[in-house]
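Asker: need a 3D model of the following:
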Amino acid sequence: MSAPIAIRSAMEADAGAIGAIYDEGIATGNATFAQGPHPAHERREWLRARDERAPVFVGLAADRVLAWSALAPFSGREWYTGVAEYTVYVSAAARRRGLGLQMLYHLVSAAPEYGYWKLVGMILRENTPGIALAEKAGFRRVGTYSAHGLLGGEWRDVALMERHLRR
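Answerer: Sure, this is the predicted structure:
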């Protein structure tokens with residue numbers, strides 16, 4: 001594992017780096033159903049639109065954003081108020097150095113401050129590094145959504161991951 005990176009709340013000045021890292025993930029074809037590009041102005045608006053229970057964090061080394069992560073409410077239903085979906089993206093140049101794990105552990109430790117007791121992830125089945133990352137951080141696979149969405153004209157399955165933070 002690499003040396004720890006500094007992790008802080010994202011600022012509007014980070015928007016370009018966040019978008020570029022997101023687009024690198026999209027280019028793999030296994031990270032998300034979303035399509036790019038995500039230029040700085042679009043990511044700035046995205047950051048501004050997030051509420052206080054949907055934080056975004058960046059991981060930095062030498063003042064350079066190498067990774068980003070986020071929490072978002074899983075559902076608007078009252079009984080799911082303590083469940084958040086997590087997101088972690090690492091720049092292509094910084095992958096396989098433990099940065100994703102540091103970012104995910106940060107989300108796990110920060111989540112209770114935002115009122116969350118459980119984190120869930122929905123990871124494309126072919127994203128084996130993303131699934132392995134979740135498992136390494138104590139998440140368990142609880143199922144699969146079959147043919148959950150179309151990506152590049154193909155139906156793709158999604159692995160469902162969860163980690164309860166209070167038990």
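
Asker: going forward, measure contacts and count neighbours with C-alpha atoms only.
Answerer: OK.

Asker: from what I see, residue 31 and residue 127 are in contact.
Answerer: Yes. With contact defined as Cα atoms under 8 Å, residue 31 counts as touching residue 127 (6.3 Å).

Asker: what sits against the nearest residue to residue 69 once chain neighbours are set aside?
Answerer: Setting aside the residues directly before and after it, residue 69 is nearest to residue 88 in space (Cα to Cα, 6 or more residues apart in numbering), at 4.3 Å. Residues in contact with residue 88 (Cα atoms under 8 Å, 6 or more residues apart in numbering) are 67-70, 100, 103-104.

Asker: tabulate these (a markdown table), appending distance to residue 20.
Answerer: As requested, those are exported to a markdown table (distance: Cα to Cα, whole Å):
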| residue | distance to residue 20 |
| --- | --- |
| 67 | 10 |
| 68 | 11 |
| 69 | 14 |
| 70 | 16 |
| 100 | 16 |
| 103 | 17 |
| 104 | 19 |
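
Asker: residues near residue 48, how many?
Answerer: When neighbours are counted by other Cα atoms under 10 Å, residue 48 registers 10.

Asker: quick revisit: check what pLDDT the residue nearest to residue 69 gets.
Answerer: Note on residue 88: pLDDT of 98.

Asker: thinking again about what came up before, show me which pair in the contacts of residue 88 is furthest apart.
Answerer: Pairwise distances across these (Cα to Cα) peak at 12.0 Å, for the pair 70 and 100.
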